[in-house]
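Asker: let me see the structure of the following:
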Amino acid sequence: MRIPIFLSSISALMALPLALCAAEKKSVVLIAGKPSHGPGQHEHNAGIQLLAKCLAQGASDRVDLHPHLNGEWPSEAELNAADTIVIYADGGKGHPAVQEGRLEQLSAAMKRGCGLVCLHYAVEVPKDNGGREFLEWLGGYFETDWSVNPHWVANFRPLPAHPVSQGVTPFSSNDEWYFHMRFREKMQGVTPVLSDVPPDSTMSRADGPHSGNPAVRAEIAAKTPQHVAWASERSGGGRGFGFTGGHYHAGWSNPDQRKLVLNAILWTAKAQVPETGVLSTPSEADLTANLDPKPAKK
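Answerer: Predicted coordinates:
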């Protein structure tokens, strides 16, 4: 009778690492907003599906993926189980997170240490409806009459030593890089990840809720570097990542931009980021798949 018991024990021990690996996988909830803007712009559905495919390619052993498209909001059970939540959607008053009851749902997730990643327009919420929460959860956000949204070519070099930048080399990108974010006081718990000095041309527009104000003009005149992507940590243990690029879907073809965001998703979920970063090699077909049907600009 001892032999079967011994074999049974060995079998159980051999199965144990597999069970532990499965248990250690992090739950990533990805939320894509509804179609917006012109072709190739604000491609929330295609972008979220591409990022999910790249995560499945380069980090399938670390994450379970739960994508939601076309503005669909996850169930409360999914939010309760999420290790991080990624939102790529239009912001402002239409931000999916500030609709009735959702800030409260997110608050419960954040209090238990869930991460949060917001891409492009999703970093903007109204100051009086989500601003305080996003400052805490994300470390910073786009505040109207303070932050601006010009299109410009940014050059990111060097990058800081941080898990989200592992394997990412300096790169340049033409995008709608928002800057002059409203960050926590004294940048407490916030690490700038992508920074550059915007050209004077970014201040060519008149003052307005998104276009300019005396404070940002003074900083650009003084050549003060502006932070367009950042990582943050909360006192309760949660992590956030804000990324203001992503206006153009073509930007995801840049391997360094893509890797940075993939790394950040893992980091906010408290999964280990590979030393080389999350490797992904989407095909040309992958990069053009799932684009929303939009009329061409006249």
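
Asker: what ranges do the strands span in the stretch 51-200 of the chain?
Answerer: Residue ranges of the strands in the stretch 51-200 of the chain, as given by DSSP state E, counting those that start in this stretch, are 63-68, 84-88, 115-119, 140-141, 152-156, 171-175, 182-183, 190-196.

Asker: for residue 241, which of the ones you listed is the nearest?
Answerer: strand 115-119 (4.7 Å; Cβ to Cβ). No exception for glycine: its C-beta is placed from N, CA and C like everyone else's.

Asker: quick one: residue 263 from residue 217, how far?
Answerer: Residue 263 sits at a distance of 34 Å from residue 217 (criterion: Cβ to Cβ, to the nearest Å).

Asker: swap in residue 282?
Answerer: Applying Cβ to Cβ to residue 282 and residue 217 gives a distance of 39 Å.

Asker: again, but for residue 242
Answerer: The gap separating residue 242 from residue 217 is 23 Å, by Cβ to Cβ.

Asker: look at the two and report which has more neighbours.
Answerer: residue 242 (30 against 16; other Cβ atoms under 10 Å).

Asker: just to check, that one is in contact with residue 118?
Answerer: Yes. Counting by Cβ atoms under 8 Å, residue 242 does reach residue 118; the two are 5.5 Å apart.

Asker: which neighbours do those two share?
Answerer: Listed contacts common to residue 242 and residue 118 are 138, 141; contacts here mean Cβ atoms under 8 Å, 6 or more residues apart in numbering.

Asker: does residue 32 touch residue 50 like I think?
Answerer: No. Contact criterion Cβ under 8 Å: residue 32 and residue 50 do not qualify, at 10.4 Å.

Asker: who's more crowded, the two?
Answerer: Between residue 32 and residue 50, counting by other Cβ under 10 Å, residue 32 is the more crowded of the two (28 against 22).

Asker: quick one: that one from residue 274, how far?
Answerer: Here the criterion is Cβ to Cβ. By it, residue 32 lies 25 Å from residue 274.

Asker: now swap in residue 153 and tell me
Answerer: Using Cβ to Cβ, one gets 29 Å for the distance from residue 153 to residue 274.

Asker: ok, these two, which is more surrounded?
Answerer: Between residue 153 and residue 274, counted using other Cβ under 10 Å, residue 274 has the larger neighbour count: 18 against 13.

Asker: what residues are up against the more buried one?
Answerer: Contacts of residue 274 by Cβ under 8 Å, 6+ apart are 58, 59, 166, 167.

Asker: quick one: residue 287 and residue 39, what's the gap?
Answerer: Going from residue 287 to residue 39 by Cβ to Cβ gives 14 Å.

Asker: same check on residue 45?
Answerer: According to Cβ to Cβ, residue 45 and residue 39 sit 13 Å apart.

Asker: these two: who's more crowded?
Answerer: Neighbours per residue (other Cβ under 10 Å) separate residue 45 from residue 39, with residue 45 holding more: 22 against 13.

Asker: isn't there a helix covering the more buried one?
Answerer: Yes. According to DSSP: H, G, I helix; E, B strand; the rest coil, residue 45 belongs to a helix.

Asker: isn't it up against residue 293?
Answerer: No. With contact defined as Cβ under 8 Å, residue 45 does not count as touching residue 293 (10.6 Å).

Asker: that's all I had, so thanks and see you.
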